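*Asks:* Could you work out the structure for the sequence below:
(one chain, ligands or ions: 1)
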Amino acid sequence: MSDPVPRAAEIRRCPGSPPVQPWLVTEVLTGYRLEPNGIHGPAHWLRVRANGLALAARTPGACIEVVELFALLHDSRREDEGHDLGHGERAAAYAQRLVDAGMLKLDASGLDLLVSACAWHEHGRVSAEPTIGCCWDADRLELSRLNRRPIARFLSTSAAHDAHLQAAAWQRGYDQEVDRSDLAAWGLEAVLAGGGGG
Ligand SMILES: [Fe+2]
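*Replies:* Residues are numbered from 1 along each chain as shown. Now for the predicted structure:
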């Protein structure tokens with residue numbers, strides 16, 4: 001079983017990149033076109049965040065701020081709840097617009113990682129790059145909300161193969177639960193009141 005305590009020395013923080021703040025979540029939700037309690041909505045984003053932070057804590061070189069931003073943005077410009085080809089590219093373009101507008105503070109390397117992770121997340125790839133790998137694995141472990149187990153060959157990080165981590169992600173998604181502290185971190189208590197959604 002893996003050490004549940006993140007080893008701080010191995011967690012990469014992107015210089016000048018603060019964690020996601022509730023005002024940014026509000027901005028993203030303002031342009032979200034789908035049902036907030038739908039399967040690709042903010043409860044899913046928060047569980048991707050929880051999965052991603054757990055993965056990043058066990059993946060040397062992973063940038064946790066980019067992983068959290070991926071959780072927030074990757075499905076945020078969807079136009080339907082199906083495959084919606086191109087929603088990753090739209091999320092990447094939106095990330096760029098947020099940076100251009102001064103609403104997102106990311107250095108060039110962080111933005112490159114975020115744009116790539118968003119743009120390619122819908123294409124079934126794996127990545128050896130630790131931050132991108134954590135992003136994609138965090139989303140794949142959330143297939144639990146659809147009662148689907150992760151397929152090993154589609155996981156990028158060694159952390160995602162950890163039985164303890166997988167079990168926690170499975171339970172979170174299968175039960176469609178979001179921790180109160182995670183809701184509070186993004187200011188989503190009112191948006192998701194009465195149910196975590198999918
Ligand atoms: Fe997703």
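*Asks:* The residue nearest the centre of the chain: what's it in contact with?
*Replies:* Central residue of the chain (Cα atoms, centre = their mean): Ala71, 2.1 Å from the mean position. With contact set as Cβ atoms under 8 Å, 6 or more residues apart in numbering, Ala71 has these partners: Trp45, Leu46, Val48, Arg49, Gly52, Cys135, Ala138. C-beta: built from backbone N, CA, C; applies to glycine.
*Asks:* just checking, what packs against whatever helix or strand Ala91 lives in?
*Replies:* Per DSSP states H and E, Ala91 falls inside helix 87-100. Here helix 87-100 touches helix 64-73, helix 108-120, going by 3 or more Cβ pairs under 8 Å, 6 or more residues apart in numbering; DSSP states H and E.
*Asks:* Go again with 10 Å.
*Replies:* helix 22-30, helix 64-73, helix 108-120 (3 or more Cβ pairs under 10 Å, 6 or more residues apart in numbering; DSSP states H and E).
*Asks:* so what does the first one touch, helix or strand wise?
*Replies:* When you say that, I think you mean helix 22-30. Short answer (3+ Cβ pairs under 10 Å, 6+ apart): helix 22-30 packs on helix 42-56, helix 64-73, helix 87-100, helix 180-186.
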